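Chemist: here you go, sequence then predicted model.
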Amino acid sequence: MTTSTDIAIVGWAHTPLVRHTDQSETQMLLHAITDAITPLGLTRADIDFTCLGSCDYITGQAFSFVSNLDAIGAWPPKRDSHVEMDGAWALYEAWLRLQEGDIEIAVVTGSGRSSTGDPALIYPMEMDPYFLAPLGADPLTFAALQARAVIDAGIATERSMAETAVRARGKGDVDELLGEEYLRTPLRRHDVPPITDGAAAMVIATGDRARQLVERPAYITGMDHRTECHNPSFRALDDSPSVRIAADALGLRNTPVEIAELQTAFTHEELLLRHVLDLGDDVAVNPSGGPLRANPIMASGLCRIGYAADHIFGGGTRALAHSTSGPCLQQNLLCLVEGRS
């Protein structure tokens, strides 16, 4: 989806992305929001709309996002919303909301603490309760099934996956990594993301207001998200039609980008999306290191958009960001950001 209304990212911030923190989500968000709005000369009173992304399953509490509103402030009253998704989808909602034209500034967030529980126990609870949940398959099991399909299709090899891990983390030796034991065949430890606690906040504004706040806004020129069948057995795991459809909706085939920040938590996912999006060697993929370096649950996708915006702030012309949710790249969101002279 594209729009004729100028809406741009003007700033963002994230907390330290660490293996474990003793801070609550609310405390993390308090710091992230303050760090995002203060350099812009804004206060919480200037914010017209907020949308928070988080996950009750991970927090272990129903309506856990309500306490996170304390990080925004109860006064003055403002419009707010919540998505049980990565903060990238909160950005999508805020982007749509600003297009109505009656408000100027929105703050979106993503937050989570994946160190608080065992993913093998938490994530199966989110599955279809009749067919998938009773299987008890965790994200690593689903990822291994897809990795095998991607390898069998000739899109990746275990060596190219190890090379992806070394590049993302900026360290390691490919041959040594290939000598490690499997966690789930064909995935080894270097193929999976680190447990990460963290939060991110992003400020977006309508055109005139954005240009008042920063010298070079990162204009959101298109955003699209698509969903595939919830059951991985009904999908071709060596493909990602939802990513392809979203890319075509944004005209990405005819819109070259300089960098692509992809929420690819597993090494084979990056290789698959490179293939689906037809990203050439001239496109820098995950220069930030991506989720293989730090994977803050419910904020990883928003961080991808933030790093894409950083490229524009630094003088870049065009960048692509991607976020995903669900097993085996079930739901996918693409965001195109551009800079202007």
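Modeler: Received the coordinates, thanks. From a predicted model like this one, the values you see are computed outputs, not experimental measurements.
Chemist: okay, CA-based contacts and neighbour counts for the rest of this
Modeler: Fine.
Chemist: hmm, H190 and L177 touching each other?
Modeler: Yes. At 7.1 Å, L177 counts as touching H190 under the criterion of CA atoms under 8 Å.
Chemist: overlap in contacts, these two.
Modeler: Shared contacts of L177 and H190, defined by CA atoms under 8 Å, 6 or more residues apart in numbering, comprise A162.
Chemist: tell me which of the two has more neighbours.
Modeler: Applying other CA atoms under 10 Å to L177 and H190 shows that H190 carries more neighbours, namely 24 against 19.
Chemist: next, that one: phi, psi?
Modeler: Backbone torsions for H190, taken as degrees, to the nearest 10, come to phi -70, psi -10.
Chemist: for burial, what's the neighbour tally of G60?
Modeler: 12.
Chemist: to clarify, my last question referred to A120.
Modeler: Under the neighbour criterion other CA under 10 Å, A120 is assigned a count of 14.
Chemist: that one reaches P139, doesn't it?
Modeler: Yes. Here A120 reaches P139: they are 7.2 Å apart, a contact under CA under 8 Å.
Chemist: pLDDT below threshold where in this structure?
Modeler: Per-residue confidence of the chain (counting by pLDDT under 70) places the weak regions at 1-4.
Chemist: and the residue nearest to the spatial centre of it, how far is that from T227?
Modeler: With the centre of the chain defined as its mean C-alpha position, the nearest residue by CA atoms, centre = their mean is G301, 0.6 Å away. Plainly put, G301 is 16 Å away from T227 if you go by CA to CA, to the nearest Å.
Chemist: list the beta-bridge partners for the closest residue to A246 other than its chain neighbours.
Modeler: The spatial neighbour of A246 that comes closest, neighbours along the chain excluded (CA to CA, 6 or more residues apart in numbering), is D224 at 5.4 Å. Taking DSSP bridges, one obtains L334 as the residues bridged to D224.
Chemist: so D224 touches G251, yeah?
Modeler: No. If you go by CA under 8 Å, D224 and G251 don't touch, sitting 10.8 Å apart.
Chemist: what about these two, which has more around it?
Modeler: Regarding D224 and G251, a neighbour count based on other CA under 10 Å identifies D224 as having more, with 21 against 14.
Chemist: distance of the more buried one from S64?
Modeler: If you measure D224 against S64 using CA to CA, the figure is 27 Å.
Chemist: cool, L177 as well?
Modeler: L177 sits at a distance of 39 Å from S64 (criterion: CA to CA).
Chemist: repeat that for P76.
Modeler: Plainly put, P76 is 22 Å away from S64 if you go by CA to CA.
Chemist: quick one: which of those two has more around it?
Modeler: The neighbour comparison of P76 against S64 (other CA under 10 Å) goes to S64, with 17 against 11.
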